[in-house]
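In: With the sequence up front, the predicted model follows.
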Amino acid sequence: MAVDYTVIVVYLAGMLAMGWWGMRRARSKSEFLVAGRRLGPAMYSGTMAAIVLGGASTIGGVGLGYRYGLSGAWMVFTIGLGLLALSVFFSARIARLKVYTVSEMLDLRYGDTRAARSASVEGGGGRRVGRAGLISGVVMWAYTLMLAVTSTIAYATIFDVLFDMNRTVAIVLGGAIVVAYSTLGGMWSITLTDMVQFVVKTIGVLLLLLPIAVVKAGGFSEMRAKLPTSYFDPLGIGGETIFTYVLIYTFGMLIGQDIWQRVFTARSDRTAKWGGTVAGTYCLVYALAGAVIGTAAKVLYPKLGSPDDAFATIVKDELPVGVRGLVLAAALAAVMSTSSGALIACATVANNDIWSRLRGVVRRGGEEHDEVKGNRVFILIMGVAVIGTAIALNNVVEALTVAYNLLVGGLLVPILGGLLWKRGTVQGALASVLVGGLAVIGLMAGYGILANEPVYYGLLASLAAYAVVSLATRPTDEAVLTVWRERLAGRSPELESEPVPAHQ
């Protein structure tokens, strides 16, 4: 095991070193939050794939394969479909908006004339207190916080396999490393670490664990002979489950701040579109790989106590020394990439969409250094909050379900409506967020947190409220829509009034 430990320690030290290096590049708000909007296709594709394929996609994906067979791929598959839909249909327009958060987009689309002009002229991103933006910011903050928390909890599983470590110590250790490199260099550090994590995951899961697991299980013919035919039915997990995955994960990919913030890093709308398409395709391959590994684990260990133990068990028992360390580093990479992405998204929303709005602050040119310092402080504060919540929380699945239900039920309709329907109004957006969010909360209380009905009916209620209230109120001011159309077309000035650092 000494070799495995060495691999992990070197990997973790490398993450911290990249955080320090990234700090040298993060000299402005744009550099810190969106990597200067300068990522090319290769880095964009790798980092986008890294953030969406976290611990749930890796450890959880293998666990679903163990329980359901090949149809266990559907959860991660729907994540890939969502990323493909975002990239092909929306990413170019999103990238051209040149904002920092989803809430700023809502302010720009629905805000009053003064707020829209402020976004264009002052470089404030619609930072005036917009009602739709503020409320959506609170919902998005809750979602990104819980996403970061659930990713951080996964450190306990991985470090328990590696070092037989206490749960609290494992969470503090893993969380502290992510908080450290994220605080130091912001999105630049996260981008660099994500690229390494993408390579490590590709080698560890796709090129090593997948073929080794299949061979150890006796090949596909032996797997078919030992398992029920349902394990090889592509719809074996059930149509209702697949439909729920589409609603939660495919639509969640379209509107999450953690995903949009990566779209904002693209060098051009073409990079966002085609780089994201490559990343989405990679997710589809990763989905199938996880299900196959889980199916192989079912052959090797038919009576595990929990399906989620399948990944750790097959890694510990079947992989040779050195390879085992690399594959565990791949699992750690999966968790860290999602955790860091959710953390910076949470801090960005907390600072830019909630705290600054409540204070009524509009940042102007010449304050870039203070902007970086402020966002760095918020990452540190949110990081401590994430670690503390992760230690206190026990039911990860319920927490993540609440987060996604609120995100989709409350924000999907006003965001997509703003992009697709000219007649949508700020009153309709507010009604949609409030009715959808409250409906989801009430239905979860009635049906149970893990039931499917809350997101189904909550989404329908949100859609109805948006359409009815929008049609019953005055259309959005034409001046606001003019600024919006100009921004979507890429013809308005960028939001940042920040100088490009000389070393670039």
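Out: Thanks, I have the structure now. Residues are numbered from 1 along each chain as shown.
In: for the stretch 51-200 of the chain, what spans make up the helices?
Out: Taking DSSP state H, counting those that start in this stretch to define them, one finds helices in the stretch 51-200 of the chain at 55, 61-68, 74-85, 91-97, 102-110, 113-121, 131-163, 167-201.
In: Most tightly packed of those?
Out: helix 102-110 (a mean of 29; mean count of other CB atoms under 10 Å). Where you see a C-beta, it was placed from the backbone N, CA and C, and this is true even at glycine.
In: Any idea how far that one is from the middle of the chain?
Out: 20 Å (CA atoms, centre = their mean, to the nearest Å).
In: list the helices and strands that helix packs on?
Out: Where contact means 3 or more CB pairs under 8 Å, 6 or more residues apart in numbering; DSSP states H and E, helix 102-110 is packed against helix 91-97, helix 113-121, helix 131-163, helix 257-263, helix 396-420, helix 426-447, helix 478-488.
In: if you set the cut-off to 7 Å instead, what comes out?
Out: helix 113-121, helix 131-163, helix 396-420, helix 426-447, helix 478-488 (3 or more CB pairs under 7 Å, 6 or more residues apart in numbering; DSSP states H and E).
In: And these: which comes nearest Arg25?
Out: helix 131-163 (23.2 Å; CB to CB).
In: elements contacting that closest one?
Out: helix 102-110, helix 167-201, helix 257-263, helix 310-318, helix 323-348, helix 368-392, helix 396-420, helix 426-447.
In: Pick out the shakiest of the helices and strands packed on helix 102-110, pLDDT-wise.
Out: Mean pLDDT is lowest for helix 113-121 out of those, coming in at a mean of 43.
In: With distance to Trp274 as extra columns, can I get the helices of the stretch 51-200 of the chain in TSV?
Out: As requested, these are arranged in TSV below (distance: least, CB to CB, whole Å):
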stretch	distance to Trp274
helix 55	28
helix 61-68	25
helix 74-85	11
helix 91-97	9
helix 102-110	22
helix 113-121	28
helix 131-163	26
helix 167-201	17
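In: hang on, the earlier thing: quick one: the helices and strands packed on helix 102-110 as JSON lines, columns for distance to Val323 too.
Out: JSON lines is the format used below for those (distance: least, CB to CB, whole Å):
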{"stretch": "helix 113-121", "distance to Val323": "52"}
{"stretch": "helix 131-163", "distance to Val323": "14"}
{"stretch": "helix 396-420", "distance to Val323": "28"}
{"stretch": "helix 426-447", "distance to Val323": "43"}
{"stretch": "helix 478-488", "distance to Val323": "48"}
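In: Identify whichever of those helices lies nearest to Val321.
Out: helix 131-163 (13.1 Å).
In: Report the distance from the closest one to the chain centre.
Out: With CA atoms, centre = their mean as the basis, the mean position of helix 131-163 lies at 9 Å from the chain mean.
In: cool, stretch 437-447 as well?
Out: Worked out by CA atoms, centre = their mean, stretch 437-447 lies 24 Å from the chain centre.
In: Just send the helices and strands packed on helix 131-163 back as JSON lines, with distance to Asp477 too.
Out: Conversion of the helices and strands packed on helix 131-163 to JSON lines gives the following (distance: least, CB to CB, whole Å):
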{"stretch": "helix 102-110", "distance to Asp477": "10"}
{"stretch": "helix 167-201", "distance to Asp477": "33"}
{"stretch": "helix 257-263", "distance to Asp477": "25"}
{"stretch": "helix 310-318", "distance to Asp477": "53"}
{"stretch": "helix 323-348", "distance to Asp477": "28"}
{"stretch": "helix 368-392", "distance to Asp477": "29"}
{"stretch": "helix 396-420", "distance to Asp477": "14"}
{"stretch": "helix 426-447", "distance to Asp477": "10"}
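In: Identify whichever of those helices lies nearest to Lys303.
Out: Closest among these, using CB to CB: helix 310-318, at 11.1 Å.
In: elements contacting the closest one?
Out: Using 3+ CB pairs under 7 Å, 6+ apart: helix 310-318 touches helix 61-68, helix 131-163, helix 210-216, helix 269-300, helix 323-348.
In: Now do the buried residues in that helix.
Out: Ala310, Phe311, Ala312, Thr313, Ile314, Val315, Lys316, Glu318 (16 or more other CB atoms under 10 Å).
In: Would you mind pulling the contact partners of that helix?
Out: Residues from elsewhere that reach helix 310-318 (CB atoms under 7 Å, 6 or more residues apart in numbering): 58-59, 62-63, 66, 157, 161, 212-213, 216, 293-294, 297, 300-301, 304, 324, 327-328, 331.
In: Same check on stretch 193-207?
Out: Here stretch 193-207 makes contact (CB under 7 Å, 6+ apart) with 14-15, 18, 43, 46-47, 49-51, 53, 58, 181, 289, 326-327, 329-330, 333-334, 336-337, 340.
In: Assumed Leu231 was part of a strand.
Out: Quick fix: residue 231 is Tyr, not Leu. No: Tyr231: not assigned to a strand; according to DSSP: H, G, I helix; E, B strand; the rest coil it is helix.
In: what about it, how many neighbours?
Out: When neighbours are counted by other CB atoms under 10 Å, Tyr231 registers 23.
In: Of the helices and strands packed on helix 131-163, which is nearest Met223?
Out: Proximity to Met223 (CB to CB) singles out helix 310-318 among the helices and strands packed on helix 131-163, at 13.4 Å.
In: gap between that closest one and the chain center?
Out: 27 Å.
In: and the angle for it with helix 323-348?
Out: 150 degrees (axes from the mean of the first three to the mean of the last three CA atoms, to 10 degrees).
In: what's the angle from helix 310-318 to helix 61-68?
Out: Using the same axes, to 10 degrees: helix 310-318 against helix 61-68 is 100 degrees.
In: Could you give the average pLDDT over helix 310-318?
Out: pLDDT averaged over helix 310-318 gives 86.
In: One more: stretch 463-470?
Out: 96.
In: Return the set of buried residues in that stretch.
Out: So stretch 463-470, judged by 16+ other CB under 10 Å, has buried residues Leu463, Ala464, Ala465, Tyr466, Ala467, Val469, Ser470.
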